[in-house]
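Peer 1: Dropping the sequence and predicted coords here.
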Amino acid sequence: MNSIYVCFNFSSVSLYSDTPEEYERIYQTVYKPLARFLYSHPHFKFSFSFNGPQLVYYKKKRNEFITILKQLVERNQIEIIGGGYHSPVLPLLFPVDRNTQIDMLSTEIRQTIGKRPRGISMFGDIWDSSLVNNLQTCGIEYAILDSYSIPENKRKFLYYIMNDLGKSVQLFPFYNDFIPEPDMSADVFLRNIIKAVEKNEKQNEYFQINPDKIVVLNLNYEQIKKLMDIKWFEQLDAFLISSVSCRIKTGIIDEYRKNQPIKTPSYIPVAMNNTLNEWTCYSLSNRNKNSFPSNVFDFMDNYELSKNLYNHITYMTIVINQYKNDKMRKKAAREKLLEAQNGNAILCTLKGPYTNTKLRQDAYRSLITADKFLRDDGKFTESVIRFDYTNDGINEYVCRMQSYFAYISLLGGAVHELDVMKNCGNYADNLSRIFEYDGCEDDYKRGLLIDHLFDNDQYTRYKNGESAGDGVFSRIYYKEVKFSSGKQELLLQAEAEYKPTHQNVSLKKKYIFNSNGMTVQYIIKNESDKPMHLKFAVESNFADVNFENKDINYLDIEAADGEQLYTLEQKKASPLMNIADKLKTIEAVRLTDSTKGVAFSFEPNEKCEYFYSPMLFRRPDFQTNQLTLSSVAFVSTLIWDIDIESGKETEKTINFSITSVKKDKKN
């Protein structure tokens, strides 16, 4: 009778946190007892997947573990599976970066363990047909995918061969449905697998040939730990030894490939694991749901912060590839770029896409460092260029200035990324409110220098944290009137109807960029035949770039009215001070991130009212499905009363600057 290979793979390529503390915790709770078990049970086979930093840590700090792994590999008892060095989402990378990530990890495994990997385990099991060429170039012969990605009529407990443009790779699906629960006995676990295989064999065209079958189980840290705690693997090994007639035996994929030549042809264009598919459909921004399998680009379309980081990674890849001045600087920048490509920063597969704020900011900091390496060669020139930075078919205006990187979007005519070149992070990394989570809907994309028109009632609701009403200019696309890359100036214009009073209004918005910030000039014109009495508000949202473990790093807020200086309470909004006629005639505002040592200043040309409020965003955790604090934005708004006669216009100007300040010693 043919055998059924059960291949257990411990996949740690989706670690939530790539830190020494996390590596040590996993070693003490899982790797150490698992290595001890395998060493004392020579017939039980296992596979491991590491990322590069994790393997380097164990080589330096836990050399005894590496020694045991080498011995187990020599006994052909375990297999080390490759992947990307920094756990990247391979299909999102340029081909050269894909090859670099794969080769770096393969080299590290070969140097550490003594044998290079033949297979690859990918972050989120995210697959693209173009990877076939990369895998073959890197000497990788097979890849592991979620069985969800394989057409149901082809799931035969064999493995697959995929051809693309004359090159081929083998694909091994793993079956999450068979992963045992702690309360499941070894006998029941084996019977479930045998029953499923035998049911499939009745319809299998290969039945007469009677090939060996394979069931790969891809287990994460939590699943392995639960089984190790109750000595489940010891029970399974004892049962297999006592059951002489049992078809099942533990194995490793490379061993199965050598013994079983029969493969099923299959073409998989794109794929990702079922968890990411569920999150793609779960997104409440995806109001028109369908059951068609999703891909990683669908995921990023639903989770905009993930896509924003990916856009910056793509941009820096282009910048680094085009850099020609200094090979050593280019190499150093490229190493930081590879770090930023970590899949958890972009997708975060373990706890869900809303729980990776810190990881995402860490990636932005790596990109900032990469950019600084190139800038510090003495040949850096500030620039403002126009191109489709976000790959949405509409041009953005990218500012690469001495103290910051930013881009202006025609959507709202606002700043939707602001990276301060002190390795601070992206201060425009903001969520927007969703009714299902926050009790109200913003209906606009939060950023810096967002423009609103309110009447008194709408402004009152705005200050009370309710929906902004018909903010008009925050929700429409501006048109380019004039752009000068040489003068570093941009003039935009928007035309709209203020619906409550049915009045047409236009807004010209001029950006003048400089090394440490920008000057923004507004010209608001009443295009209607009756007077306009409204409030004009310019809102800026600063993300907490230090956010970690729900510990909020509040900004220091100061507002000046002549010689009067108001220091606002960090954790509270400002309406009470507004009611007391304070903050009504403000001349300057400064928000300071004392942890990073950077301050943001707003200086209007006319006195205005000022509003401040911290905004906390709670989003679901995939593991618990409970709303948890996921992100924080500090809302800072300048407000003017505008009274404009028919056909007339008024002008407002804001100087926005970024300055360095002394860091808080406590931080």
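Peer 2: Arrived safely.

Peer 1: Every contact and neighbour count from this point should use C-alpha atoms.
Peer 2: Noted.

Peer 1: What residues of whichever strand or helix holds Lys32 count as buried?
Peer 2: Of the helices and strands defined by DSSP states H and E, Lys32 is found in helix 32-40. For helix 32-40, a neighbour-count test (16 or more other CA atoms under 10 Å) marks 33-35, 37-39 as buried.

Peer 1: Next, the residue nearest to Ser631 when sequence neighbours are not counted: phi, psi?
Peer 2: Excluding the flanking residues, the one nearest Ser631 by CA to CA, 6 or more residues apart in numbering is Phe617, at 5.2 Å. With angles defined as degrees, to the nearest 10, Phe617 sits at phi -110, psi 120.

Peer 1: residues near Phe617, how many?
Peer 2: Applying other CA atoms under 10 Å, we find 20 other residues in the vicinity of Phe617.

Peer 1: check contacts around it.
Peer 2: 431, 433, 438, 629-632 (CA atoms under 8 Å, 6 or more residues apart in numbering).

Peer 1: Out of those residues, flag the one nearest to Tyr323.
Peer 2: Of all those, Tyr323 sits closest to Leu431, with 33.3 Å by CA to CA.

Peer 1: isn't that closest one right up against Ser306?
Peer 2: No. The pair Leu431 / Ser306 is not scored as a contact, 11.0 Å apart, by CA atoms under 8 Å.

Peer 1: Would you mind measuring from Ser432 to Thr519?
Peer 2: 26 Å (CA to CA, to the nearest Å).

Peer 1: Look at Met615 and give its secondary structure.
Peer 2: Three-state call for Met615 (DSSP: H, G, I helix; E, B strand; the rest coil): strand.

Peer 1: So what's the residue count around it?
Peer 2: Neighbour count of Met615, defined by other CA under 10 Å: 21.

Peer 1: May I have the beta-bridge partners of it?
Peer 2: Ala633 (DSSP bridges).

Peer 1: pLDDT score assigned to it?
Peer 2: Met615 carries a pLDDT value of 93.

Peer 1: Also Tyr323?
Peer 2: In the predicted model, Tyr323 carries a pLDDT score of 93.

Peer 1: Now it: closest residue in space that isn't a chain neighbour?
Peer 2: Per CA to CA, 6+ apart, closest to Tyr323 is Lys330, 6.9 Å.

Peer 1: Residues in contact with the helix or strand harbouring that neighbour: which ones?
Peer 2: Lys330 belongs to helix 327-340 when elements are defined using DSSP H and E. Helix 327-340 is contacted from outside by 86, 97, 101, 313, 316-317, 320, 323-324, 362-364, 366-367, 369-371, 373-374, 377, using CA under 8 Å, 6+ apart.

Peer 1: Among these, the buried ones, what's the ChimeraX command?
Peer 2: Here is the ChimeraX command that selects the buried residues among the contacts of helix 327-340 (16+ other CA under 10 Å):
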select :86,97,101,313,316,317,320,362,363,364,366,367,369,370,371,373,374
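
Peer 1: so which pair among the buried residues of helix 32-40 is furthest apart in space?
Peer 2: Pro33 and Tyr39 (9.9 Å).

Peer 1: Just give me the residue closest to the centre of this protein.
Peer 2: Ile346 (1.8 Å; CA atoms, centre = their mean).

Peer 1: ok, now which ones touch that residue?
Peer 2: 306-307, 309-310, 353, 356, 360.

Peer 1: Could you measure from it over to Cys608?
Peer 2: Distance from Ile346 to Cys608, by CA to CA: 39 Å.

Peer 1: The stretch 451-600 of the chain: helices as residue ranges?
Peer 2: 456-463, 575-579 (DSSP state H, counting those that start in this stretch).

Peer 1: Contacts made by the next helix or strand after the helix holding Lys32 with the rest, please.
Peer 2: Scanning forward in sequence from helix 32-40 by DSSP H and E, the next helix or strand is strand 46-49. Here strand 46-49 makes contact (CA under 8 Å, 6+ apart) with 7-13, 77-83, 121, 250-252.

Peer 1: Output strand 46-49 as PDB, nothing but the C-alphas.
Peer 2: Only the C-alpha atoms of strand 46-49 are listed here, as PDB (Å, rounded to 0.1, in the frame of the first residue of the first chain):
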ATOM      1  CA  PHE A  46      10.300  18.000  10.800                       C
ATOM      2  CA  SER A  47      10.900  21.100   8.600                       C
ATOM      3  CA  PHE A  48      11.800  24.600   9.700                       C
ATOM      4  CA  SER A  49      11.500  28.100   8.100                       C
END
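
Peer 1: Please identify the buried residues of it?
Peer 2: Judged by neighbour count using 16+ other CA under 10 Å, the buried positions of strand 46-49 are 46-49.

Peer 1: Pull the contacting residues for Glu21.
Peer 2: By CA under 8 Å, 6+ apart, Glu21 has no neighbours at all.

Peer 1: how about 10 Å then?
Peer 2: Tyr27 (CA atoms under 10 Å, 6 or more residues apart in numbering).

Peer 1: Next, it: secondary structure please.
Peer 2: Going by three-state DSSP: Glu21 is helix.

Peer 1: circling back: which one of the contacts of Ile346 sits closest to Leu145?
Peer 2: Nearest member of those to Leu145, counting by CA to CA, is Pro353, at 20.6 Å.

Peer 1: SS state for that closest one?
Peer 2: With three-state DSSP as the basis, Pro353 sits in coil.

Peer 1: which strands and helices sit next to the helix or strand harbouring Ile102?
Peer 2: In this assignment (DSSP H and E), Ile102 forms part of helix 95-113. Helices and strands touching helix 95-113, by 3 or more CA pairs under 10 Å, 6 or more residues apart in numbering; DSSP states H and E, are helix 52-61, helix 63-74, strand 78-81, strand 119-121, helix 131-137, helix 327-340.

Peer 1: can you rerun that using 8 Å?
Peer 2: Where contact means 3 or more CA pairs under 8 Å, 6 or more residues apart in numbering; DSSP states H and E, helix 95-113 is packed against helix 52-61, helix 63-74, helix 131-137.

Peer 1: Can you list phi and psi of the nearest residue to Arg98 once chain neighbours are set aside for me?
Peer 2: Closest residue to Arg98 apart from its sequence neighbours, by CA to CA, 6+ apart: Leu90 at 5.7 Å. For Leu90, the backbone dihedrals (degrees, to the nearest 10) come out as phi -50, psi -40.

Peer 1: Please verify my assumption that Leu90 contacts Gly124.
Peer 2: No. In this structure Leu90 lies outside contact range of Gly124 using CA under 8 Å: 9.9 Å.

Peer 1: Just give me the neighbour total for Thr275.
Peer 2: 16.

Peer 1: Work out for me the element it sits within.
Peer 2: Assigned by DSSP H and E, Thr275 belongs to helix 274-282.

Peer 1: sorry, back to before: quick one: the helix holding Lys32 to chain centroid distance?
Peer 2: 35 Å (CA atoms, centre = their mean, to the nearest Å).

Peer 1: related to what we said a few turns ago, I'd like the contacts of Ile346 laid out as CSV, including secondary structure and pLDDT.
Peer 2: As requested, the contacts of Ile346 are exported to CSV (DSSP: H, G, I helix; E, B strand; the rest coil; pLDDT from 0 to 100):
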residue, secondary structure, pLDDT
Ser306, helix, 93
Lys307, helix, 94
Leu309, helix, 96
Tyr310, helix, 96
Pro353, coil, 80
Asn356, coil, 83
Arg360, helix, 92
